[in-house]
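Visitor: what follows is a predicted protein model with its sequence.
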Amino acid sequence: MEKKLLYGLIAVATVLGSICVALICTLIGVSSRAKLYSTSLENFYKRSLYELVSNVNDVELDISKVISTTSTKSQKEILYRISDKSSCAGENLAYLPVAKKDSASFFDILNHISGYTRSLCENLDSGGSLSSENISTLSSLHDTALNLVFTLNDYLLSLDFDYEIINDVDFRSDLEAGYTGGLDNIEDEQKGMPTLIYDGPFSESVVNKEVVGLPEGEISATDAEEVIKSKLAVYDVKGIKYEGDSDGKIYTYNFSVICAKCTLFVQVTKQGGCILSLDAMSYDAPRNELNNEEIKTGAINVATILGLEDMTCVWQSTDGSISYLNLAPNIKNVIYYPDLVKVKVDRIMGLVIGVDATNYYTNHVERTLSSPSIDLATAKGKVAKTLEVIDSNLALIPDKYVGETLTYEFVCTWKDYTYYVYIDSKTGDEANIMRVVKTTRGDLIV
């Protein structure tokens, strides 16, 4: 009897144990699925937030551009883009778990911008033009968009690295969701609303072009070492180590070059034996701080030593102790933007630590340019009256699609912004417009 009771208790314990194990496994599975769902939802929220910020940044930038152009074609392209980006920003906002009381004003602003710019597009499509009143309203919209940019970007910067949106969401209440997305700091910007932003100009102009700028003939890796010794004597070369080849758009021999003050990674082209790029992997030079003019002079001197002649500085930006410069040939008072050379200088050490001549050797050929059909004064008259022109040049620029265009380049300002406006020297049409964007890591142009 006792044995039967014991066996019974063992059986019951076994069953209960099995049930407990099954229950624990079930709970673990549920927990795992819940965690997976939570992670997926958090990723979705963060993606929506970052896309919202990106779209609002683009809207602010494009509004400032449309104010600064007189080309109907450019106005239509930019206005359609503003309308679409505003709508996308509204969709991003709708995906975020923001309380209605915090998001309602923001939705209205985005809808106003999208609707108003769309109406301007339709007016231009019908043969109309932007009136002074339209420009004034767009200027007001720009102030609004700029406030949104500052608010959203400040909010992003305030977040901790491991912050999770989902932790602030109260899923029981749509009116008091808990998460604000920083929108509770946005002022009511609807007053005066219409009813209804490192690199310089043309820095990426090599895209999808065949290489035409290298001299004829090929050299060996041994010949390339001699090129380095000759061209980089200013660096006081102590040793050269061959690191292999790169068979890309431009075939190069690659070397580590030990110099008196630095170690360089250098690429020499197989065709023509030109130094395509150099980059300091490490350097230890005595302090020799340079001012901006000395930096420009030093960059141009090194470019000349490398065989890159007639260079002038067309862009300079600084990030900490490093200055980034774009050099371009200036031949007979025409700047050749397709033939850019990028140079990096440590302004504290007074040392050129980087050169990239890919654009130059991709595009550089002798060109025969036709004389402009319009004069400087006529071209200047094509620049929007809202802009103040502070400098002008003749400039050959890469076409938006293919080829090159001789233009008048106008450096302009509006409010605290700087623009580069390019007027076709043949037709008088606007060929391009760019705006300088100040960032924490120097100036960019877009």
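Guide: Perfect, thanks for sending it. Here the structure is a predicted model, which is why all the values come from computation and not from measurement.

Visitor: any idea how far residue 217 is from residue 266?
Guide: Going from residue 217 to residue 266 by C-beta to C-beta, to the nearest Å gives 20 Å. Every residue, glycine included, has its C-beta placed from N, CA and C.

Visitor: can you pull out the helices in the stretch 301-446 of the chain?
Guide: With helices called from DSSP state H, counting those that start in this stretch, the stretch 301-446 of the chain shows them at 358-363, 376-380.

Visitor: can you check the stretch 101-250 of the chain too?
Guide: Assigned by DSSP H, counting those that start in this stretch, the helices in the stretch 101-250 of the chain fall at 132-158, 221-231.

Visitor: would you turn these into CSV with distance to residue 373?
Guide: Formatted as CSV, the helices of the stretch 101-250 of the chain follow (distance: least, C-beta to C-beta, whole Å):
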stretch, distance to residue 373
helix 132-158, 28
helix 221-231, 41
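
Visitor: which of these has the lowest mean pLDDT?
Guide: Lowest mean pLDDT within these: helix 132-158, a mean of 82.

Visitor: in terms of neighbours, single out the busier of residue 217 and residue 266.
Guide: residue 266 (26 against 9; other C-beta atoms under 10 Å).

Visitor: how far does the strand or helix carrying that one sit from its chain's centre?
Guide: Element membership of residue 266, judged by DSSP states H and E, is strand 262-269. Distance of strand 262-269 from its chain centroid, counting by C-alpha atoms, centre = their mean, to the nearest Å, is 27 Å.

Visitor: just checking, residue 391 touches residue 410?
Guide: Yes - using C-beta atoms under 8 Å, residue 391 is in contact with residue 410, at 7.4 Å.

Visitor: so where do the strands sit in the chain?
Guide: In the chain, the strands defined using DSSP state E lie at 237-247, 251-259, 262-269, 275-283, 311-319, 322-331, 334-336, 341-346, 351-356, 388-398, 404-414, 417-424, 430-439, 442-445.

Visitor: format those as a markdown table; extra columns: distance to residue 378.
Guide: Shown next, in a markdown table, are the strands of the chain (distance: least, C-beta to C-beta, whole Å):
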| stretch | distance to residue 378 |
| --- | --- |
| strand 237-247 | 47 |
| strand 251-259 | 45 |
| strand 262-269 | 42 |
| strand 275-283 | 40 |
| strand 311-319 | 24 |
| strand 322-331 | 23 |
| strand 334-336 | 18 |
| strand 341-346 | 32 |
| strand 351-356 | 37 |
| strand 388-398 | 12 |
| strand 404-414 | 9 |
| strand 417-424 | 9 |
| strand 430-439 | 13 |
| strand 442-445 | 26 |
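
Visitor: so which of the ones you listed is nearest residue 84?
Guide: The closest of the strands of the chain to residue 84 is strand 430-439. By C-beta to C-beta, the value is 19.0 Å.

Visitor: returning to that earlier point: for the helices of the stretch 101-250 of the chain, which one sits closest to residue 122?
Guide: helix 132-158 (12.6 Å).

Visitor: remind me what that closest one packs against, helices and strands.
Guide: helix 2-67, helix 100-125 (3 or more C-beta pairs under 8 Å, 6 or more residues apart in numbering; DSSP states H and E).

Visitor: and that helix, how far out from the chain middle?
Guide: In terms of C-alpha atoms, centre = their mean, the centre of helix 132-158 is set 19 Å apart from its chain centre.

Visitor: neighbours around the residue nearest to residue 378 when sequence neighbours are not counted, how many?
Guide: Leaving out its chain neighbours, the residue that sits closest to residue 378 by C-beta to C-beta, 6 or more residues apart in numbering is residue 428, at 6.6 Å. Neighbours of residue 428 under the rule other C-beta under 10 Å: 16.

Visitor: got it, and the one 4 residues further on?
Guide: Close neighbours of residue 432, defined as other C-beta under 10 Å, add up to 21.

Visitor: the one 4 residues further on now?
Guide: Close neighbours of residue 436, defined as other C-beta under 10 Å, add up to 19.

Visitor: that one and residue 306, how far apart?
Guide: Distance of residue 436 to residue 306, given as C-beta to C-beta: 28 Å.

Visitor: what about the nearest residue to residue 337 once chain neighbours are set aside, distance to residue 281?
Guide: Of all residues not flanking residue 337 in the chain, residue 202 sits nearest, at 4.3 Å (C-beta to C-beta, 6+ apart). Distance, residue 202 to residue 281, using C-beta to C-beta: 28 Å.

Visitor: more neighbours, those two?
Guide: residue 202 (25 against 11).

Visitor: apart from its chain neighbours, what residue comes closest to residue 354?
Guide: residue 344 (3.2 Å).

Visitor: same check, this time on residue 392
Guide: Once flanking residues are discounted, residue 392 sits nearest to residue 410: 5.1 Å by C-beta to C-beta, 6+ apart.

Visitor: picking that back up, next, format the strands of the chain as TSV and append mean pLDDT and distance to residue 39.
Guide: Putting the strands of the chain into TSV (pLDDT from 0 to 100; distance: least, C-beta to C-beta, whole Å) gives the following:
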stretch	mean pLDDT	distance to residue 39
strand 237-247	90	40
strand 251-259	92	42
strand 262-269	92	40
strand 275-283	86	39
strand 311-319	89	35
strand 322-331	93	38
strand 334-336	96	52
strand 341-346	93	40
strand 351-356	92	40
strand 388-398	94	44
strand 404-414	94	45
strand 417-424	92	41
strand 430-439	80	31
strand 442-445	56	34
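
Visitor: quick one, which of those strands gets closest to residue 291.
Guide: strand 322-331 (10.4 Å).

Visitor: just name whatever secondary elements that closest one is in contact with.
Guide: Where contact means 3+ C-beta pairs under 8 Å, 6+ apart, strand 322-331 is packed against helix 292-305, strand 311-319, strand 334-336, strand 341-346.

Visitor: go through these and name the closest to residue 89.
Guide: Among these, strand 311-319 sits nearest to residue 89 (C-beta to C-beta), with 28.5 Å.

Visitor: and residue 149, how far is that from residue 83?
Guide: In terms of C-beta to C-beta, residue 149 sits 18 Å off from residue 83.

Visitor: show me which of these two is the more surrounded one.
Guide: The residue with more neighbours, out of residue 149 and residue 83, is residue 83; 21 against 18, by other C-beta under 10 Å.

Visitor: list the contacts of the more buried one.
Guide: Counting by C-beta atoms under 8 Å, 6 or more residues apart in numbering, residue 83 makes contact with 113-115, 117-118, 121.

Visitor: check residue 343 too.
Guide: Going by C-beta under 8 Å, 6+ apart, residue 343 touches 299, 302-303, 324-327, 352, 354-356.
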